[in-house]
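Student: Sequence below, structure please.
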Amino acid sequence: MITDPWTADDPQPGDFDAVLASIDPEYLEHRDGDPTATLRILVSVEGEDARRLERIAQERGKTPHDLVADLLRAADRSAA
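Tutor: Below you'll find the model as predicted:
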C-alpha cells in the first residue's frame, strides 16, 4: 500500500528529498542550532487514566512528570 508522506503517521527517509531539492538555495539559511535547547511535549491524560497516574506517582513518591519520564526511559531501554 502506498502512503502519502504529507499525511502519513510515519514519514520515511527520502520522502521529501525531491521537494527539498527543489528549494532555491537563495532561500536557505543554515543554523547550527542550540545544543542546550530542550523539547517540551504536552501529554494529555484524562479521567480515570489521570487519576491512576496521580495515584501511582504518589505511591512512588514522585510527580506525574517524573513517572512519565521513568516510563519513557524504561521503554527506550527495552527497545534497545
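Student: Tell me the spacing between the most far-flung residue of the chain relative to its centre and residue 19.
Tutor: For the chain, the largest distance from the centre (Cα atoms, centre = their mean) belongs to residue 26, which lies 30.9 Å off. Distance of residue 26 to residue 19, computed by Cβ to Cβ, to the nearest Å: 16 Å. C-betas here are computed from N, CA, C, even on glycine.
Student: Can you show me the helices along this protein?
Tutor: For the chain, helices defined by DSSP state H occupy the ranges 17-21, 47-59, 64-79.
Student: In JSON lines, list those along with distance to residue 40 and mean neighbour count.
Tutor: Shown next, in JSON lines, are the helices of the chain (distance: least, Cβ to Cβ, whole Å; neighbours: other Cβ atoms under 10 Å):
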{"stretch": "helix 17-21", "distance to residue 40": "27", "mean neighbour count": "8"}
{"stretch": "helix 47-59", "distance to residue 40": "18", "mean neighbour count": "12"}
{"stretch": "helix 64-79", "distance to residue 40": "11", "mean neighbour count": "11"}
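Student: mind putting these in a markdown table, mean pLDDT included?
Tutor: Shown next, in a markdown table, are the helices of the chain (pLDDT from 0 to 100):
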| stretch | mean pLDDT |
| --- | --- |
| helix 17-21 | 91 |
| helix 47-59 | 96 |
| helix 64-79 | 90 |
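Student: Now tabulate these in TSV and tack on distance to residue 10.
Tutor: Listed next are the helices of the chain as TSV, based on distance: least, Cβ to Cβ, whole Å:
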stretch	distance to residue 10
helix 17-21	17
helix 47-59	24
helix 64-79	15
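Student: now for the ones you listed, which one comes closest to residue 39?
Tutor: helix 64-79 (12.1 Å; Cβ to Cβ).
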